[in-house]
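[1] Sequence and computational prediction follow.
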Amino acid sequence: MASPRPKSPRPPVAGRKDEKEESFWEKIGTLGRKKRIKEVQEVQEEGKYAIDSPGSPTAPDLPPEEYALEENEERSMIEPRSYDDPKLRELMAVIIEWINDELADQRIIVKNLEEDLYDGQVLQKLLEKLTNRKMDVPEVTQSEEGQKQKLRIVLEEANRVLKQPSNQMKWSVESIHSKSIVSILHLLVALARHFRAPVRLPENVSVNVVIVQKRDGSLMHRTVPEEITSHYDDLGMRCERDAFDTLLDHAPEKLQVVKKSLVTFVNKHLNKVNLDVNDLDTQFHDGVYLVLLMGLLEGFFVPLYAFHLTPHDFEQKVHNVNFSFELMQDTGLAKPKARPEDIVNLDLKSTLRVLYNLFTKYKNMS
């Protein structure tokens, strides 16, 4: 059984009795610093308002010259009322919980997607955790140019992993760094689905996006709907229940019998090349045994250059499982319902479904 997922650390609750109280001298010593901090925060809020409010199409009292837009330039932003949509708020909460659970061992806590992800730091850590591959970027960057450079490297890696066509990308360095919640959510939803995050994303979440354009010196704006999530049929997002769901939920003792039968079946053939399986939960997740098993069942040699015999990262494992699925289809089996990512992510039901299909066809084979 897989070990329980680490949960994200929770910030301490304020007002606990066992907290150490500030001494009189500590309070005196920090008065000036706290005052300066408050002044800095007020200046930052004023600056933020000065930057954001010119771009708001809902502020008709601002003259066009206040907008920092060139002729024919566009600026888009989420309509404020969209933040009140319960489905959008649920999506953001689910995404935040997923990120915090993934990064719990690094003591990283995300509270606000726009404020915590725009500079690329958290995105870097999340992508490294998901791909199990270290990225060559500076750990801390303070300047805006340094943040954008780091974010550019992180997004290039994300786009490579997601195999996202450039004309279909709904995020960019500029949009992420400008804290566009729409772009940030598009990226995170794509990552969650690609790596089969163990969460259920709310379906059919959409927001209204206001697009402002400067034409002939005047500001024109229009509102368009933007779909963030759609209807999902793949495992982990929306799952059609089958016999394995019933076994896992209501008859775990019978599930052990099924697993024992499948272990006997695969070992009957893998033993021919001195391989042995004793744990279905983990030993098929990299795709190697699936590829070799297909070659043994069909009596053909699988060239070693066609798959990764010792896969080192998520992508290589996905390649192996996907290749085994192609071999299954070449031999007349239906395309497996599970995604390769499901197998790699140790989803037991997905592994059982695939192996049971092989068992059904080849169980009488000597």
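    It's in. Numbering: from 1, shown residues only.
[2] domains of this structure?
    Taking automatic domain parsing as the domain assignment, the ranges for the chain are 67-227, 243-362.
[3] Would you format these as CSV with mean neighbour count included?
    Where you see a C-beta, it was placed from the backbone N, CA and C, and this is true even at glycine. Below are the domains of the chain laid out as CSV (neighbours: other C-beta atoms under 10 Å):
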stretch, mean neighbour count
domain 67-227, 16
domain 243-362, 17
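[4] Output the ones you listed as a markdown table; include the columns mean pLDDT.
    Below are these laid out as a markdown table (pLDDT from 0 to 100):
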| stretch | mean pLDDT |
| --- | --- |
| domain 67-227 | 85 |
| domain 243-362 | 86 |
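[5] Do a quick rundown of the helices in this structure.
    Here the chain has its helices, by DSSP state H, at 24-52, 86-102, 113-117, 121-131, 144-162, 173-177, 181-194, 243-250, 252-270, 288-298, 314-330, 340-344, 348-362.
[6] which residues touch Val110?
    Contacts for Val110 (C-beta atoms under 8 Å, 6 or more residues apart in numbering) come out as Ile96, Ile99, Asn100, Leu103, Asp116, Leu117, Val122.
[7] Could you report the separation of it from Glu144?
    Distance, Val110 to Glu144, by C-beta to C-beta, to the nearest Å: 21 Å.
[8] How about Glu157?
    21 Å.
[9] swap in Asn100?
    Asn100 is 26 Å from Glu144, by C-beta to C-beta.
[10] what do you get for Tyr362?
    60 Å.
[11] ok, now Ala334?
    Look at Ala334 and Glu144: by C-beta to C-beta, they are 52 Å apart.
[12] And for Glu79?
    27 Å.
[13] again with Val207
    Counting by C-beta to C-beta - Val207 and Glu144 are separated by 27 Å.
[14] Likewise for Thr282?
    45 Å.
[15] repeat for Asn208
    For Asn208 relative to Glu144 (C-beta to C-beta), the value is 29 Å.
[16] what does Asp136 give?
    21 Å.
[17] Next up, the contacts around the closest residue in space to Tyr356 that isn't next to it in sequence.
    In this structure, Tyr356 finds its nearest non-sequential neighbour in Leu262, 6.8 Å apart by C-beta to C-beta, 6 or more residues apart in numbering. Residues near Leu262 by C-beta under 8 Å, 6+ apart: Leu280, Leu352, Leu355, Tyr356, Phe359.
[18] Equivalent analysis for Leu162, please.
    Residues in contact with Leu162 (C-beta under 8 Å, 6+ apart) are Ala190, Leu191, His194.
[19] so who does Thr310 touch?
    With C-beta under 8 Å, 6+ apart, Thr310 has these contacts: Val288.
[20] quick one: it and Lys125, what's the gap?
    26 Å.
[21] now Asp84
    31 Å.
[22] Export only the CA atoms of stretch 283-290, formatted as CSV.
    Output of stretch 283-290 as CSV, limited to C-alpha atoms (Å, rounded to 0.1, in the frame of the first residue of the first chain):
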residue,chain,number,x,y,z
GLN,A,283,6.7,-2.9,-10.6
PHE,A,284,4.8,-1.9,-13.8
HIS,A,285,4.9,1.8,-13.3
ASP,A,286,8.0,2.5,-15.5
GLY,A,287,6.6,0.5,-18.4
VAL,A,288,9.7,-1.8,-18.8
TYR,A,289,7.9,-5.0,-17.7
LEU,A,290,4.9,-4.1,-19.8
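[23] from the middle of its chain, how far away would it be?
    Relative to its chain's centre, stretch 283-290 lies at 23 Å (C-alpha atoms, centre = their mean, to the nearest Å).
[24] Equivalent analysis for stretch 283-298, please.
    Taking C-alpha atoms, centre = their mean, one finds stretch 283-298 lying 28 Å from the centre of the chain it belongs to.
[25] Which residue is the nearest non-sequential neighbour of Phe314?
    For Phe314, ignoring the flanking residues on the chain, the nearest one in space by C-beta to C-beta, 6+ apart is Thr131 at 5.2 Å.
[26] Return the residues in contact with the one you found.
    So Thr131 contacts Glu157, Val161, Asp313, Phe314, Glu315 (C-beta under 8 Å, 6+ apart).
[27] And those residues, which is closest to Glu174?
    Glu174 has its nearest neighbour among these in Glu157, at 17.7 Å by C-beta to C-beta.
[28] Pull the contacting residues for the closest one.
    Glu157 is in contact with Leu127, Thr131, Met135, counting by C-beta under 8 Å, 6+ apart.
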